[in-house]
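below are the sequence and a predicted model for it; my questions follow.
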Number of protein chains: 2
Amino acid sequence: MRTLNVALGERSYPIHIANGLRTRPDLVLPHLKSRRVAIVSNETVAPLYLAEVRTALEAAGVGVTEIVLPDGEAYKDWATLNRIFDGLLAARCERSTTLIALGGGVVGDMVGFAAATFQRGVPFIQMPTTLLSQVDSSVGGKTAINHPLGKNMIGAFHQPRLVLVDIETLGTLPDRELSAGMAEVIKYGLIRDPSFFAWLESHMDRLMARDPDALAEAIARSCANKAEVVAADETEQGVRATLNLGHTFGHAIEAGLGYGAWLHGEAVAAGAMMAAELSQLRGWLKPDDVARIEAIHRAAGLPVRGPGLGVARYLELMAHDKKVEGGQLRLILLEAIGRAVIDGASPQGLIEQSILERVDA
Amino acid sequence: MRTLNVALGERSYPIHIANGLRTRPDLVLPHLKSRRVAIVSNETVAPLYLAEVRTALEAAGVGVTEIVLPDGEAYKDWATLNRIFDGLLAARCERSTTLIALGGGVVGDMVGFAAATFQRGVPFIQMPTTLLSQVDSSVGGKTAINHPLGKNMIGAFHQPRLVLVDIETLGTLPDRELSAGMAEVIKYGLIRDPSFFAWLESHMDRLMARDPDALAEAIARSCANKAEVVAADETEQGVRATLNLGHTFGHAIEAGLGYGAWLHGEAVAAGAMMAAELSQLRGWLKPDDVARIEAIHRAAGLPVRGPGLGVARYLELMAHDKKVEGGQLRLILLEAIGRAVIDGASPQGLIEQSILERVDA
């Protein structure tokens, strides 16, 4: 078992990574405030793993409430969040009840936000079952739901007590979601870890073939990268923003098509390519760098172009992104593969050009 | 101008108390992250004070967005909260926008929760216009909305940057709301400040006649008491719970009648009388103490008995209160006037008796 520590003072927590962790209540028990949990999952993941998690916890003397949500980004809204509150209150869950998020990023973000706000805050544990959630939302404590006018517009910073990454759960993950998760893995190489990027270039075939050792290595290095960034900047005042490489462009894609049409990781991949184009237009990346970035995204089965929403629509949606400050768009660009920069000085014309070169007509 | 400091480390903030503070942008400006605010008020308060606050801020170069909500505890729900998010997003408010809560406790609690969760947290300022909100929700950072199964079930701890208590706004407060606010003022005397309780006994006539000096003194001493408690226990792990004197009984009254039928302070007053009865049954308070507590509540125009919901219904609703831990009801009782105790050991029979003695048949 690989174990990382996310160093956040009194809010520090461990991430364990190995096969079979979903049935390891011995890892869970030390982090509970009382012997009472509520497992929140979705209609896709619950039939696969919820009974195993529940049975193992009950055998260890823990009382379990189950809450099963509909699956998909389209349900990352208040109405679905409220089903968590309804379930918790109907079962008389208390302030000492620990919530367990069993599922992907949507479940993790929503359960995290429910934990942040139920009775003004209860503990929670992440059991992420998708690659994306294992390398992204499991680290950092960002929780949120969407609003019709913007993604993740309503949320909180709320750190989990524990993250259990069970590699075995990737066995049931659809190919498209494996690829989408890989977009975030690639991102860590791009923004701050050139040797990891090179390792990914040489291991992408094994990763896409779901080799467990390669996956565990990729997840551990991704989480370690994210944990270092988050520890340096928990509430995104500075360097943490670099984790948003591709995300401002990507959010425009997701919002423009309607949440759920593209997977988050697919939108981030196309967004990262737009950021790479802009980085080249700014004179930082070489054409060769952009080609490598495109090649690794293709090897991971990811889109390298965005949908043709029209440049004006892209800009309008990007202007609504949370990363806007004082009306100035802040974008994450690359000075080199492995070195990100927060940029607020790209001329409008270059931003438009970078989008144009990466969308379908 | 009286100024108190709520000492919470990097989340410390000042409370200013005086006449006319609603038009003092010089007090507001140092606390803004950018020259952009959103003033949130309700349909009762907005016609009285919103234009003055807005004009003063605009004259000082601050951009102002207005959001006006329906008035009343019945609207302390997600649908109304969402109107704040809608307004903020429609006006393209950003992470650096400061929210200003102009109104009573419902507005303060909702705007605080909106500020805690809009884009994962933006700054906010309280301009409480009711006695209750001036002495209660303006100090402590508790924010929340109600859920059909319980009051304040969804919320967050989020401290304001500044509280401006304008005594003049009490001039338009209905008598019934003045009384309701006085319930919380009396509570501070009861739980930790016997000399303040004695001062209140001798000044209640002047307070109910809205003497500005007496009101300023009562508000300042109330806020100072609450600030000391909150500074010692920001997230209610211990002593802060004593602020809930009368609240568990009171929440049962509010929930049992439907939120809004009784004012919060009225329910707290009747709840405090039940807590006083129980404290006498436990052998702590003397009959004379209970008589003094009843007399001061009567002098403040407050109810000293609860509605006849039936004891079983009281107990059921109290069991749903947030203050329940491990299935054990924790009640705030009085060892003496001016000395509260957190009690989890009252026999069920005594709790029932204390309710019976204080409800209408």
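Everything's here; your move.

so, low pLDDT: which residues of the stretch 251-361 of chain A?
A:321-327, A:361 (pLDDT under 70).

the strands in it, which residues?
A:331-336, A:339-343 (DSSP state E, counting those that start in this stretch).

most packed of those?
strand A:331-336 (a mean of 22; mean count of other C-beta atoms under 10 Å in any protein chain shown). To be clear about C-beta, it is placed using only N, CA and C from the backbone, and glycine gets the same treatment.

packing partners for it?
helix A:175-192, helix A:247-257, helix A:264-281, strand A:339-343 (3 or more C-beta pairs under 8 Å, 6 or more residues apart in numbering or on different chains; DSSP states H and E).

make TSV from those and add distance to chain B to it.
Shown next, in TSV, are the helices and strands packed on strand A:331-336 (distance: least, C-beta to the nearest C-beta, whole Å):
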stretch	distance to chain B
helix A:175-192	19
helix A:247-257	12
helix A:264-281	17
strand A:339-343	15
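
any chance of a markdown table for the strands of the stretch 251-361 of chain A, columns distance to residue B:81?
Listed next are those as a markdown table, based on distance: least, C-beta to C-beta, whole Å:
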| stretch | distance to residue B:81 |
| --- | --- |
| strand A:331-336 | 31 |
| strand A:339-343 | 32 |
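
check what pLDDT the closest residue in space to residue A:146 that isn't next to it in sequence gets.
Distances taken as C-beta to C-beta, 6 or more residues apart in numbering or on different chains place residue A:76 nearest to residue A:146, at 4.9 Å, with adjacent residues excluded. We have a pLDDT of 93 for residue A:76.

list the contacts for residue A:76?
A:106, A:109, A:110, A:144, A:145, A:146, A:259 (C-beta atoms under 8 Å, 6 or more residues apart in numbering or on different chains).

what do you get if the cut-off is 10 Å, keeping everything else the same?
By C-beta atoms under 10 Å, 6 or more residues apart in numbering or on different chains, the contact set of residue A:76 is A:69, A:105-107, A:109-110, A:113, A:144-146, A:151-152, A:259-260.

most tightly surrounded among the helices and strands packed on strand A:331-336?
Greatest average neighbour count among those goes to helix A:264-281 (a mean of 27), per mean count of other C-beta under 10 Å.

what's the spacing between residue A:75 and chain B?
16 Å (C-beta to the nearest C-beta, to the nearest Å).

scratch that, residue A:303
Applying C-beta to the nearest C-beta, the value for residue A:303 to chain B is 28 Å.

does that residue really touch residue A:274, like I thought?
No - in this structure, residue A:303 is not within contact of residue A:274 by C-beta atoms under 10 Å, at 11.4 Å.

what is in contact with those two at once?
A:253, A:358.

contacting residues for residue A:153?
Counting by C-beta under 10 Å, 6+ apart, residue A:153 has contacts A:144-147, A:320-322, B:85, B:88-89, B:117-120.

mind listing which of these are in helices?
Applying DSSP state H to the contacts of residue A:153, the entries found in helices are B:85, B:88, B:89, B:117.

filter those residues by proximity to chain A?
Filtering the ones in helices among the contacts of residue A:153 for proximity to chain A by C-beta under 10 Å from any C-beta of the partner chain leaves B:85, B:88, B:89, B:117.

and the strands in the stretch 51-200 of chain A?
Going by DSSP E, counting those that start in this stretch, the stretch 51-200 of chain A shows strands at A:63-69, A:98-103, A:124-128, A:142-147, A:150-157, A:162-166.

next, the angle from the first one to strand A:98-103.
Pointing back at strand A:63-69 there. Inter-element angle recorded for strand A:63-69 and strand A:98-103: 40 degrees (by axes from the mean of the first three to the mean of the last three C-alpha atoms, to 10 degrees).

ok, how many other residues are close to the closest residue to chain B within the stretch 101-250 of chain A?
Closest to chain B within the stretch 101-250 of chain A is residue A:149: 4.1 Å, counting by C-beta to the nearest C-beta. When counting by other C-beta atoms under 10 Å in any protein chain shown, one arrives at 14 neighbours for residue A:149.

hmm, back to that, residue A:188: which of the ones next to chain A among the ones in helices among the contacts of residue A:153 is nearest?
Distance ranking of these against residue A:188, using C-beta to C-beta, places residue B:117 first at 27.9 Å.

so for the nearest residue to that closest one once chain neighbours are set aside, what's the pLDDT?
Spatial nearest neighbour of residue B:117, chain neighbours left out: residue A:154 (5.0 Å); criterion: C-beta to C-beta, 6+ apart. Note on residue A:154: pLDDT of 96.

quick one: contacts for residue A:154?
Taking C-beta under 10 Å, 6+ apart, one finds A:77-78, A:81, A:113, A:117, A:143-147, B:81-82, B:85, B:89, B:114, B:116-120 in contact with residue A:154.

any of those residues buried? List them.
Taking 16 or more other C-beta atoms under 10 Å in any protein chain shown as the criterion, what is buried in the contacts of residue A:154 is A:77-78, A:81, A:113, A:117, A:143-147, B:81, B:85, B:89, B:114, B:116-120.

so residue A:282 makes contact with residue A:336?
No - between residue A:282 and residue A:336 no contact is recorded; they are 12.0 Å apart, counting by C-beta under 10 Å.

quick revisit: which two of the ones next to chain A among the ones in helices among the contacts of residue A:153 have the greatest separation?
Between any two of those, the greatest separation by C-beta to C-beta is 12.8 Å, found for B:89 and B:117.

domains of chain A?
Residue ranges for each domain of chain A read A:2-172, A:175-357, as given by automatic domain parsing.

quick one: which of the ones you listed is nearest residue B:44?
Taking the domains of chain A one by one with C-beta to C-beta, domain A:2-172 is closest: 26.2 Å.

in chain A, where's the longest helix?
As assigned by DSSP H, the longest helix anywhere in chain A is helix A:212-232.

for it, which helices and strands make contact with it?
strand A:2-6, strand A:13-18, helix A:131-135, strand A:162-166, helix A:175-192, helix A:194-208 (3 or more C-beta pairs under 10 Å, 6 or more residues apart in numbering or on different chains; DSSP states H and E).

buried stuff in it?
Of the residues in helix A:212-232, A:214-231 count as buried by neighbour count, 16+ other C-beta under 10 Å.

which positions in the stretch 1-150 of chain A make contact with chain B?
So the stretch 1-150 of chain A meets chain B at A:33-36, A:78-79, A:81-82, A:85-86, A:88-90, A:92, A:94-96, A:113-114, A:116-121, A:141-145, A:147-150 (C-beta under 10 Å from any C-beta).

mind redoing it with 7 Å?
Selection of the stretch 1-150 of chain A residues close to chain B by C-beta under 7 Å from any C-beta of the partner chain yields A:34, A:78, A:82, A:85, A:89, A:94-96, A:116-121, A:142, A:144, A:147, A:149-150.

need the contact partners of stretch A:53-70.
Outside of stretch A:53-70, the residues within contact range by C-beta atoms under 7 Å, 6 or more residues apart in numbering or on different chains are A:22-23, A:25, A:28-29, A:35-43, A:46, A:50, A:75, A:80, A:83-84, A:87, A:91, A:93, A:102, A:107, A:127.

do me a favour and get the end-to-end distance for that stretch?
19 Å (C-alpha to C-alpha, to the nearest Å).

would you mark the buried spots in that stretch?
Going by 16+ other C-beta under 10 Å, stretch A:53-70 has these buried residues: A:53, A:54, A:56, A:57, A:62, A:64, A:65, A:66, A:67, A:68, A:69.

what is the nearest of the residues you listed to residue B:185?
Comparing these against residue B:185 with C-beta to C-beta places residue A:65 closest, at 40.2 Å.
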